[in-house]
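Colleague: return atomic coordinates for the entry below.
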Amino acid sequence: MTLAPEAKRHAPTRTGSARPSAESVPIVPFTLDATSMGGRLLVHLDAVGRADEAALDGRRVIARIDRWAARLTRHVDTSDLARVNADPNSAVAVRPTLAAALLAGLIAADASEGFADITLLDARLAAEGKGDRVAASRRGEWQLIHRPRGAAVVRRPAGLRFDLGGVGKGWIADRALALLANWPSAVIDADGDLAILCAPGKTWEVGIEDPRAPDSHLAVLRLAAPSGGGPTRWGVATSGTSVHRWNIDGAASHHLIDPRTGRPAETDVVQATVIAGSALRAEALAKAAIIAGSVDGFALLERAHVRGAVLLTAAGDIQALPVTLSLLAA
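Modeller: Got it, this is the predicted structure:
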């Protein structure tokens with residue numbers, strides 16, 4: 001996901017039913033670029049005449065994101081998540097940041113009808129050739145018991161481990177955007193998971209990258225806010241099988257695990273982009289659309305009342321929900 005190429009403009013926020021008015025002005029943002037969460041982190045602000053203030057606020061948000069990510073990564077043994085995964089006890093106390101992210105995992109699972117599942121760490125490692133094949137989803141085997149001041153206790157069977165992955169990125173993007181509430185138009189781009197705020201009369205333009213051709217787009221979205229109201233929030237996320245791929249024992253493997261089988265999804269969808277009201281919801285539903293396949297995936301997205309969706313199939317077809325048409329740039 002990129003800002004539209006013409007002016008390196010924005011990202012997403014708005015409702016699928018509210019068409020951008022002809023008077024909406026595309027935003028040319030002030031952008032801060034960093035590396036975080038194993039990928040690229042971008043903060044975009046509509047900061048005409050406020051560049052110094054934007055740089056200060058952007059750096060503060062990036063620092064906060066780094067702190068959250070350090071607690072939620074599974075790749076560092078000292079992170080809160082890694083400590084829970086390594087703890088042999090069935091009941092483990094967790095601090096507020098991890099508790100909130102695990103709750104986001106439950107929300108994502110519900111929104112995606114179980115396809116976005118944070119209990120699939122062992123299946124993911126097996127897909128990378130780092131472990132044995134395992135059983136399918138264990139999402140019904142754990143619970144989060146809330147405690148005062150945002151803390152919680154995780155109860156789970158021995159051996160159940162978590163991988164926040166894209167759910168964590170979506171949650172962080174949404175939470176970081178909330179720190180920029182004093183900016184009427186802002187975007188957090190957490191390595192392609194976008195949380196967007198757009199002021200009335202302004203438009204973010206977002207390019208959906210084509211995985212078959214570098215520097216080209218399947219489509220460009222125009223995300224605005226309805227006139228006569230306040231700023232509108234959007235979430236846009238793209239998931240696909242063309243990244244995070246491996247060859248294991250001569251067979252192709254990828255990172256999108258089907259919770260029904262515990263194996264990489266066998267699907268006719270190569271890439272899915274979903275437009276929703278939050279980055280967390282968009283991320284969960286984009287993943288679900290790929291794993292479910294185009295027919296069941298579109299049905300799921302319609303039940304979820306997303307604001308838009310664009311799918312690329314293995315046959316090279318570009319398909320979109322009808323509601324998406326009002327968001328596409330001419």
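Colleague: what's the following helix or strand after the biggest helix by length in the chain?
Modeller: Criterion DSSP state H: the longest helix present in the chain is helix 51-72. Sequence-wise, the next helix or strand downstream of helix 51-72 (DSSP states H and E) is helix 80-86.
Colleague: what residues of that following helix count as buried?
Modeller: Of the residues in helix 80-86, 80-82, 84-85 count as buried by neighbour count, 16 or more other CB atoms under 10 Å. Placement of C-beta: from N, CA and C, glycine included.
Colleague: chain center to the longest helix of the chain: distance?
Modeller: Relative to its chain's centre, helix 51-72 lies at 18 Å (CA atoms, centre = their mean, to the nearest Å).
Colleague: ok, now stretch 36-44?
Modeller: On the basis of CA atoms, centre = their mean, stretch 36-44 sits 12 Å off its chain's mean C-alpha point.
Colleague: in PDB, list the C-alpha atoms belonging to that stretch.
Modeller: Taking Å, rounded to 0.1, in the frame of the first residue of the first chain, the C-alpha atoms of stretch 36-44 are listed here in PDB:
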ATOM      1  CA  SER A  36       9.700  -0.600  13.100                       C
ATOM      2  CA  MET A  37       7.900  -3.900  13.600                       C
ATOM      3  CA  GLY A  38      10.200  -5.600  11.100                       C
ATOM      4  CA  GLY A  39       9.100  -3.300   8.300                       C
ATOM      5  CA  ARG A  40       8.600   0.200   7.200                       C
ATOM      6  CA  LEU A  41       6.700   2.700   9.400                       C
ATOM      7  CA  LEU A  42       5.300   6.000   7.900                       C
ATOM      8  CA  VAL A  43       3.600   8.800   9.600                       C
ATOM      9  CA  HIS A  44       1.700  11.200   7.200                       C
END
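Colleague: quick one: mean pLDDT for it?
Modeller: Per-residue pLDDT over stretch 36-44 has a mean of 93.
Colleague: over to stretch 295-309?
Modeller: Mean predicted confidence for stretch 295-309 is 98.
Colleague: ok, residues contacting that stretch?
Modeller: Residues outside stretch 295-309 that contact it (CB atoms under 8 Å, 6 or more residues apart in numbering): 14-17, 111-113, 115, 221, 234, 269, 272-277, 281-282, 285-286, 288-292, 311, 319-321, 323-324, 327.
Colleague: which ones among these map onto strands?
Modeller: Judged by DSSP state E, strands contain the following of those: 221, 234, 269, 272-276, 311, 319-320.
Colleague: which one of those is nearest Gly170?
Modeller: The shortest gap between Gly170 and any of the ones in strands among the contacts of stretch 295-309 belongs to Ala276, at 9.7 Å (CB to CB).
Colleague: ok now stretch 208-222, how far from the chain's centre?
Modeller: Using CA atoms, centre = their mean, the offset of stretch 208-222 from its chain centre is 17 Å.
Colleague: now, of the contacts of stretch 295-309, which are buried?
Modeller: For the contacts of stretch 295-309, buried by 16+ other CB under 10 Å: 14-16, 111-112, 115, 221, 234, 269, 272-277, 281-282, 285-286, 288-292, 311, 320-321, 323-324, 327.
Colleague: which residues touch Arg212?
Modeller: By CB under 8 Å, 6+ apart, the contact set of Arg212 is Gly316.
Colleague: and if we set it to 7 Å?
Modeller: Contact analysis of Arg212 by CB atoms under 7 Å, 6 or more residues apart in numbering lists nothing.
Colleague: same thing with Val154?
Modeller: 84, 92, 94, 102, 142, 144.
Colleague: what ranges do the helices span in the stretch 51-200 of the chain?
Modeller: All helices of the stretch 51-200 of the chain, identified by DSSP state H, counting those that start in this stretch, fall at 51-72, 80-86, 96-111, 121-127, 165-178.
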